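Novice: This is the structure alone, sequence omitted:
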């Protein structure tokens, strides 16, 4: 028997949409036997860019066409597995200050990941909120997601804290 994790859509009682973006990611991702190939591909791409919050054994080769915003949205879109290890990875990417906030929000709104992104930003503890996280939180507050459903996912914000 194989364990199949819930998706973000399942955890927020939402439905998945037809996504050409997801299909493009699937076309780029190498096959993966036990896990979602897109999630493994995106984690590998983040690892190749120096962001380590989740691990994959073979990160592959760097895809220069893929931006950090697309990585975040791909990990948080409704189709993606609701996996706690990607949350720390997303936080480290946002904290880097290399993310174009308006571009991220545009992609998140387009791919219906804004509700999950909003929930996640609210989850970040004060100790981990730097200027980049605060900027993202303010941008989301200015134009909040239309859908108020949040994922029903038990995740302790303490897991986002850096170990000293």
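Specialist: All right, it came through fine. From a predicted model like this one, the values you see are computed outputs, not experimental measurements. Numbers count the residues shown, from 1 in each chain.
Novice: I'd like the next helix or strand past the least confident helix or strand in the chain by mean pLDDT.
Specialist: Lowest mean confidence among the helices and strands of the chain (mean pLDDT, DSSP states H and E): helix 8-11, at a mean of 50. Remark: after helix 8-11, the chain's next helix or strand is helix 20-28, criterion DSSP states H and E.
Novice: And for that following helix, what's in contact with it?
Specialist: Identification of contacts with helix 20-28 by C-beta atoms under 8 Å, 6 or more residues apart in numbering yields 37-38, 41-42, 63, 66, 70, 73-74, 77, 79, 107, 110-111. Just so you know, the C-beta spots here come from the backbone N, C-alpha and C atoms, and that holds for glycine as well.
Novice: least confident pick among those residues?
Specialist: The member of those with the lowest pLDDT is residue 79, at 74.
Novice: Let's verify that residue: helix, strand, or coil?
Specialist: Secondary structure state of residue 79, per DSSP: H, G, I helix; E, B strand; the rest coil, is coil.
Novice: What count of nearby residues applies to it?
Specialist: Residue neighbour count, defined by other C-beta atoms under 10 Å, stands at 21 for residue 79.
Novice: quick one: it and residue 19 touch, right?
Specialist: Yes. Residue 79 lies in contact with residue 19 (C-beta atoms under 8 Å); the separation is 6.6 Å.
Novice: Tell me how far stretch 59-76 lies from the chain's centre.
Specialist: Centroid displacement of stretch 59-76 relative to its chain, using C-alpha atoms, centre = their mean, to the nearest Å, is 10 Å.
Novice: Which residues does it contact?
Specialist: Stretch 59-76 is contacted by residues 8, 21-22, 25, 28, 30, 38-39, 41-49, 80, 86, 89-90, 93-94, 96, 98-100, 103-104, 107-108, 111, 113, 116-117, 120 when judged by C-beta under 8 Å, 6+ apart.
Novice: what bridges to the nearest residue to residue 36 once chain neighbours are set aside?
Specialist: Once flanking residues are discounted, residue 36 sits nearest to residue 81: 5.2 Å by C-beta to C-beta, 6 or more residues apart in numbering. Beta bridges link residue 81 to residue 7, judged by DSSP bridges.
Novice: What subset of the contacts of stretch 59-76 is buried?
Specialist: Among these, the ones that count as buried by 16 or more other C-beta atoms under 10 Å are 8, 22, 25, 28, 38-39, 41-47, 49, 80, 86, 89-90, 93-94, 99, 104, 107-108, 111, 113, 116-117, 120.
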